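> okay, here's the prediction I keep looking at, along with the sequence it came from:
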Amino acid sequence: ADVIAYNELYELVSQECIDVAKLLINFWRQLQDPDTKISRIKALGSSIKEKRTTVENHFLELEHISPENYRILGLESRYWLHVIQNGDIGAGLHEKAGQAHNMSSLNRYLFLEERYKYGTNSDTAFLKVCCNANRLGLVEQVNSTFTKLYGFTKDEILESNITKIIPYAIAENHDKYLSNFAETTSSSFFSLERAIYPFSKDGYLIPSYLIIKLFPRFESGV
């Protein structure tokens, strides 16, 4: 619903910006015409004021629907720079639009990089384990690379405790490690490769490297 509302309002505001520009052009033409009546000038001035109020309120609505959206900020900056000819406001919005665009591009790059690394068809074996107290250690997601390397089907590993593939000496205390990790989420856990030796389905130790990534779930923990 928000996407539809955003698209419809964006198109409406784009047209309203053009309407304000046309009113202003007409206003200045009337001012230069010695035969123009004052009442005509006043009527145009009132129309411009009313239309500007509508446009600027609609910009606020758009920003509420999609904050820091570079398309909205770009349109608004052009409105202030080229239609209203307020350089201070327009330049500030133009700079803000550039920053939002750069951030959007960065976020998209990071999203695609994460999906490439850890998605279903990634070359990296991916295994997602829950750290919530009520589901501590349960495997919630694996990709196809994991099943190929370790021999388990998804049905055989999902909803099992991660200790199913951990050597016995470590498995005994692994839930405690996970619990401590969930309480601290220390940065020392992240981005460091560790050599590990998990079991395959056939019981062989598979030399592997482990990197821990944190996936917060705001509604239900980590």
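Received it, and whenever you're ready, just let me know what you need.
> so Ile89 is in which element?
helix 87-118 (DSSP states H and E).
> can you give me the strands in the chain?
Assigned by DSSP state E, the strands in the chain fall at 127-129, 139-142, 194-196, 208-210.
> I'd like the distance from the first one to the chain centre, please.
Per CA atoms, centre = their mean, to the nearest Å, the displacement of strand 127-129 from the mean C-alpha position of its chain is 22 Å.
> that one - what's its average pLDDT?
Mean per-residue pLDDT for strand 127-129: 87.
> then the third one?
Strand 194-196 shows a mean pLDDT of 85.
> show me where pLDDT drops low in the protein?
Applying pLDDT under 70 to the chain flags the ranges 1-2, 106-122, 181-192, 215-222.
> now the helices for it?
Taking DSSP state H as the test, the helices found in the chain are 2-32, 38-65, 70-78, 87-118, 144-150, 154-157, 168-184.
> okay, the ones you listed, which one's buried deepest?
Looking across these with neighbours counted as mean count of other CB atoms under 10 Å, the highest average goes to helix 70-78: a mean of 20. For every residue, glycine as well, the C-beta is placed using N, CA and C.
> give me the distance from that helix to the chain's centre.
How far helix 70-78 lies from its chain's middle: 19 Å, per CA atoms, centre = their mean.
> who touches stretch 83-101?
Judged by CB atoms under 8 Å, 6 or more residues apart in numbering, the contacts made with stretch 83-101 from elsewhere in the structure are 17, 20-21, 24, 52, 68-70, 73-74, 76-82.
> Throw the strands of the chain into a markdown table and include distance to Phe59 and mean neighbour count, thanks.
Compiled in a markdown table, these are given as follows (distance: least, CB to CB, whole Å; neighbours: other CB atoms under 10 Å):
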| stretch | distance to Phe59 | mean neighbour count |
| --- | --- | --- |
| strand 127-129 | 41 | 18 |
| strand 139-142 | 41 | 18 |
| strand 194-196 | 51 | 11 |
| strand 208-210 | 49 | 12 |
